[in-house]
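1. Test case, fold it:
(chains A and B)
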Amino acid sequence: AQKVTQAQTEISVVEKEDVTLDCVYETRDTTYYLFWYKQPPSGELVFLIRRNSFDEQNEISGRYSWNFQKSTSSFNFTITASQVVDSAVYFCALRGYTNAGKSTFGDGTTLTVKP
Amino acid sequence: EAGVAQSPRYKIIEKRQSVAFWCNPISGHATLYWYQQILGQGPKLLIQFQNNGVVDDSQLPKDRFSAERLKGVDSTLKIQPAKLEDSAVYLCASSIGSGQGNIQYFGAGTRLSVL
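-> Sure, this is the predicted structure:
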């Protein structure tokens, strides 16, 4: 079975603080993909990043960075110098070959950035 | 490029009534997904289409939910009759193909309230 756990239900920070959103996953697949999505109040899930299980390189995109560690089954997301516009719900998702290839989403972390 | 379009954005109905949601995917995307997102949870896949054929509907409550994608483009999701527990956001997503690494692009969703 596949499972994604986002243990942090809600996080509140003050603007310009760094914040890390945790994602831990379970899968029996050796080949799988991990995703992060952002859901602002408008409701649409916005794709942020995709990582396949064979690529453990960390990635940085502007203020965003991702740390993928297969040894701990984690795919954590860090926002540096947070801004009010970063306030949203963030979802981590897993898609492998078992579970009929369905995406499994975590329950999300609500991030509030206060001015 | 236009994104995934959904309508209506909001719908309020009484229990036992019927309701239909419409989705127009990104042009050229062969794969279309309907998700149900209950408040405080991640999206859960209801049905996946590849062109106009159903790939996976294992989590669709077929006694009350139905979906179609007759011409391989637009899709409708129907609930008849609705129950209180159907109150949720219904998200449509599309991807260029059905492979596990394909990025899913989401619409803004339809928020359904069943009274």
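2. From here on, just use CA atoms for contacts and neighbour counts.
-> Fine.
3. For residue A:41, which non-adjacent residue is spatially closest?
-> residue A:88 (6.6 Å; Cα to Cα, 6 or more residues apart in numbering or on different chains).
4. again, but for residue B:38
-> Closest to residue B:38 by Cα to Cα, 6+ apart is residue B:88, at 4.7 Å.
5. Could you report the distance from the one you found to residue B:16?
-> With the distance defined as Cα to Cα, to the nearest Å, residue B:88 ends up 16 Å from residue B:16.
6. Alongside chain B, which residues does chain A contribute?
-> Within chain A, the residues that sit near chain B (Cα under 8 Å from any Cα of the partner chain) are A:32-33, A:42-47, A:50, A:52, A:91, A:95-97, A:100-108.
7. Which ones among the residues you listed lie within strands?
-> Within those, residues falling in strands by DSSP state E are A:33, A:46-47, A:50, A:52, A:91, A:95, A:103-105.
8. Tell me which two in those are the farthest apart.
-> By the measure Cα to Cα, A:46 and A:52 form the most distant pair in those, at 18.5 Å.
9. So which bits of the one helix or strand residue B:54 maps to are buried?
-> Residue B:54 belongs to strand B:53-56 when elements are defined using DSSP states H and E. Across strand B:53-56, burial judged by 16 or more other Cα atoms under 10 Å in any protein chain shown covers B:54-56.
10. Let me know the closest of these to chain A.
-> Proximity of those to chain A (Cα to the nearest Cα) peaks at residue B:56, which lies at 7.9 Å.
11. May I ask which helix or strand of chain B has the lowest mean pLDDT?
-> Lowest on mean pLDDT, DSSP states H and E among the helices and strands of chain B sits strand B:53-56, with a mean of 92.
12. Many thanks, I have nothing further to ask.
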